[in-house]
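*Asks:* Below are the sequence and a predicted model; questions follow.
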Amino acid sequence: MELEPEHSKTDQDATVENSVHVAAWPTPTSPTPGPIPASSAPLRKRAFGSRITIFLIAALVGGTAGHFAGGNGSSGLTINTSNQDPGGALLPSGLTIPALVRAVSPSVVSIDVRTSMGEEQGTGMILQANGLVLTNAHVVSGALAGGTMTVTRTGSTSSLPATLVGLDAANDVALIRITNAS
């Protein structure tokens, strides 16, 4: 085996031995540009002019329609003002709503039913002077299980005991009687 002396290698050979080989990829290219469009300035002027024209036509149509719809400037709505109380409309009976409320308010009662399970509250309306009161069955159903029932008239602070006369759970209606009603 024959050895060549080291000095016989050229500088070029040393460079090749020490270099790293990298695969060469093709150089990327950009797509070929298409034709350059003509100036768009006239197109913009036309688009702006079209918008102005459409706006002016819409304003003209809207103004004309508003003029004819408005007629003499009156909306056609008549507002009557008076010094009447709110709810002062007359009912077929000739009473006003506030007068009707004043008339029936004394017949409205609060109902309180207490049971071992809790308390139910509701309202009812006195039907007769003997103390019959119409209410909802769900309010007084606790009285069936031995609960106590009291009734308080609107505007009063005193409660009176009451008893269950009857109820219709399907229609949620009940009749109670105030004890010792006068």
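*Replies:* That came through, no problem.
*Asks:* How many residues are close by residue 102?
*Replies:* 11 (other CB atoms under 10 Å). (C-beta placed from N, C-alpha, C; glycine too.)
*Asks:* Please apply the same query to residue 177.
*Replies:* That count, for residue 177 with other CB under 10 Å as the rule, works out to 17.
*Asks:* ok, it - contacts?
*Replies:* 130, 131, 132, 133, 162, 163, 165 (CB atoms under 8 Å, 6 or more residues apart in numbering).
*Asks:* Quick one: name whatever helix or strand follows the helix or strand where residue 65 lies.
*Replies:* In this assignment (DSSP states H and E), residue 65 forms part of helix 41-70. Of the helices and strands lying after helix 41-70 in sequence (DSSP H and E), the nearest is helix 97-104.
*Asks:* what comes up buried for the helix or strand that that next one is followed by?
*Replies:* Toward the C-terminus, helix 97-104 is succeeded by strand 108-115 as the next helix or strand (DSSP H and E). By neighbour count with 16 or more other CB atoms under 10 Å, strand 108-115 contains the buried residues 109, 111, 112, 113, 115.
*Asks:* and what of stretch 165-176?
*Replies:* 167, 174, 175, 176.
*Asks:* ok, and what's touching that stretch?
*Replies:* By CB under 8 Å, 6+ apart, stretch 165-176 touches 111, 124, 132-141, 143-144, 149, 151, 162-164, 177.
*Asks:* Filter these down to the buried ones and hand me the PyMOL line.
*Replies:* Buried members of these, defined by 16+ other CB under 10 Å, are picked up in PyMOL with:
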select buried, resi 111+124+132+133+135+136+137+139+140+141+143+149+151+162+164+177
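*Asks:* Take the contacts of stretch 165-176 and keep only those in strands.
*Replies:* Among the contacts of stretch 165-176, DSSP state E puts 111, 124, 132, 133, 134, 135, 149, 151, 162, 163, 164, 177 in strands.
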